[in-house]
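Student: One predicted model, sequence on top.
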Number of protein chains: 2
Amino acid sequence: MADSQHDAPAVTARLDDFLCFSIYAAEHAFSRTYKPLLAELGLTYPQYLVMTLLWEEDDQSVGQLGAKLSLESSTLTPLLKRLEAEGRLTRHRDKQDERVVRVKLTSAGDKLRERAAKIPACILSATGMSLDELGKLREQIIQLTKRLEEAS
Amino acid sequence: MADSQHDAPAVTARLDDFLCFSIYAAEHAFSRTYKPLLAELGLTYPQYLVMTLLWEEDDQSVGQLGAKLSLESSTLTPLLKRLEAEGRLTRHRDKQDERVVRVKLTSAGDKLRERAAKIPACILSATGMSLDELGKLREQIIQLTKRLEEAS
DNA sequence: AACGATTAAATCGTGTACGACTAATTACCG
DNA sequence: CGGTAATTAGTCGTACACGATTTAATCGTT
């Protein structure tokens, strides 16, 4: 009443109507669901994402990891240093191009992969969704992300 | 072999296959899309979420805001103090119950709502999706979030 | 070979985000 | 009525996350 004259849309949209907010909330929910599982491995959620990339393909540069995660070196460098201090990986300048730092798993980091292997199944069951549903939803979200990135 | 009795799936799942990662990436993409729009108003993304809640309903407690955003007081208190320092809102102990702090918009904070009104439309166009598609996607993500919260 | 432009990481400052703990207030129960 | 439990914010320590800047190395052009 007070905030809409004639057929004008509401001046203030409800936060619950925002797609961005549902994603914000889902991100937190995922992070909280992973937390106890990852705590057993001594990893945080972003650290787990980095380790997953390295388990997939070892010996990547900081820049490669950053491109895949959409993270700046200002975020990755301290994160990688923590993982290095804990003996999960090593960081060394590339001999061919001294500007790039190559990140490699240690044997301890590689071994962690086995202990982490059960996690995806735990999360899957927490979502209560089928692999098929999950895949479709993922595709839609990836599409959305692409559009947002193009628009900026 | 070691980790499944029948025909074994890959030992390491690809990060791109993780729904959680698509959401992680979408959250960042939204945040980056909002950033330039919000910068004009002098707000960060989480601050904007709080302001939206207050534009929707003024005079809420820290606890109410935290429940809606799934944020702890340890996150909200500093955020609210910054908004208070910038003159967007006030924080005062409730007279009836001195444990609770009530958050109210200042007139400057209320006025900001008009300048923020155009933002949802900007974001909508950045997604390139119809309101209908957006709504359906939002519902699916909310469902997913509920399941994750129940599972923990 | 030389030097300006570009690139890759790292550093710094600000702002979330959370868990564990503390302080103050209120509610509850015998 | 009084003491204990529960509730509400706030503080502290750790860890992302980003923009702006810096440093070092390489590339491109002449």
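Tutor: Perfect, I can see it now.
Student: So which residues on chain A come close to DNA strand C?
Tutor: By the rule CB under 7 Å from any atom of the strand, the part of chain A lying against DNA strand C is A:28, A:31-32, A:35, A:61-64, A:66, A:72-74, A:76-78, A:80, A:91, A:97, A:99-101. C-beta here means a position set from N, CA and C on the backbone, and glycine is covered the same way.
Student: Can you list which of those are found in strands?
Tutor: Those of the residues of chain A next to DNA strand C mapping onto strands are A:Ser61, A:Arg91, A:Val101, per DSSP state E.
Student: thinking again about what came up before, filter the residues of chain A next to DNA strand C down to the ones near chain B?
Tutor: Applying CB under 8 Å from any CB of the partner chain to the residues of chain A next to DNA strand C, one finds that A:His28, A:Arg32 fall near chain B.
Student: Inside helices: which ones of the residues of chain A next to DNA strand C?
Tutor: Among the residues of chain A next to DNA strand C, the members found in helices (DSSP state H) are A:28, A:31-32, A:35, A:62-64, A:66, A:73-74, A:76-78, A:80.
Student: Can you check those residues and name whichever has the most neighbours?
Tutor: Using other CB atoms under 10 Å in any protein chain shown as the neighbour criterion, A:Leu80 leads those with 21 neighbours.
Student: how much space between that one and B:Ala29?
Tutor: According to CB to CB, to the nearest Å, A:Leu80 stands 23 Å off from B:Ala29.
Student: just A:Gln47 next, same as before
Tutor: In terms of CB to CB, A:Gln47 sits 21 Å off from B:Ala29.
Student: Check A:Thr75 too.
Tutor: Separation of A:Thr75 from B:Ala29 (CB to CB): 15 Å.
Student: and the closest residue to A:Leu38 other than its chain neighbours, backbone torsions?
Tutor: Counting by CB to CB, 6 or more residues apart in numbering or on different chains, A:Leu38 lies nearest to A:Tyr48, which is 5.3 Å off, once chain neighbours are set aside. Main-chain dihedrals, A:Tyr48, degrees, to the nearest 10: phi -60, psi -40.
Student: Count the residues that sit near A:Tyr48.
Tutor: 20.
Student: That one: what's it in contact with?
Tutor: Counting by CB atoms under 8 Å, 6 or more residues apart in numbering or on different chains, A:Tyr48 touches A:Tyr34, A:Leu38, A:Leu41, A:Ala116, A:Ile119.
Student: all strands for chain A, in order.
Tutor: A:60-61, A:89-93, A:101-105.
Student: out of those strands, nearest to A:Gln143?
Tutor: Proximity to A:Gln143 (CB to CB) singles out strand A:60-61 among these, at 26.1 Å.
Student: any idea how far A:Leu37 is from DNA strand C?
Tutor: Applying CB to the nearest atom of the strand, to the nearest Å, the value for A:Leu37 to DNA strand C is 13 Å.
Student: That residue and B:Thr44: what is the separation?
Tutor: According to CB to CB, A:Leu37 and B:Thr44 sit 30 Å apart.
Student: Over to A:Arg99?
Tutor: Relative to B:Thr44, A:Arg99 is positioned 32 Å away (CB to CB).
Student: In terms of neighbours, single out the busier of those two.
Tutor: More neighbours surround B:Thr44 than the other of A:Arg99 and B:Thr44, with 17 against 8 (other CB under 10 Å).
Student: Got the phi and psi for that one?
Tutor: For B:Thr44, the backbone dihedrals are phi -90, psi 170 (criterion: degrees, to the nearest 10).
Student: List the single closest residue to it in space, sequence neighbours excluded.
Tutor: B:Leu38 (6.6 Å).
Student: same question, A:Cys122
Tutor: Leaving aside its sequence neighbours, A:Cys122 sits nearest to A:Leu37 (CB to CB, 6+ apart; 5.8 Å).
Student: which ones are touching the residue of chain A found nearest DNA strand D?
Tutor: Minimum separation of chain A from DNA strand D (CB to the nearest atom of the strand) falls at A:Ser74, amounting to 2.8 Å. Not one residue lies near A:Ser74 by CB under 8 Å, 6+ apart.
Student: May I see the strands of chain A organised as TSV, with mean pLDDT and mean neighbour count added?
Tutor: Below are the strands of chain A laid out as TSV (pLDDT from 0 to 100; neighbours: other CB atoms under 10 Å in any protein chain shown):
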stretch	mean pLDDT	mean neighbour count
strand A:60-61	98	16
strand A:89-93	97	14
strand A:101-105	98	18
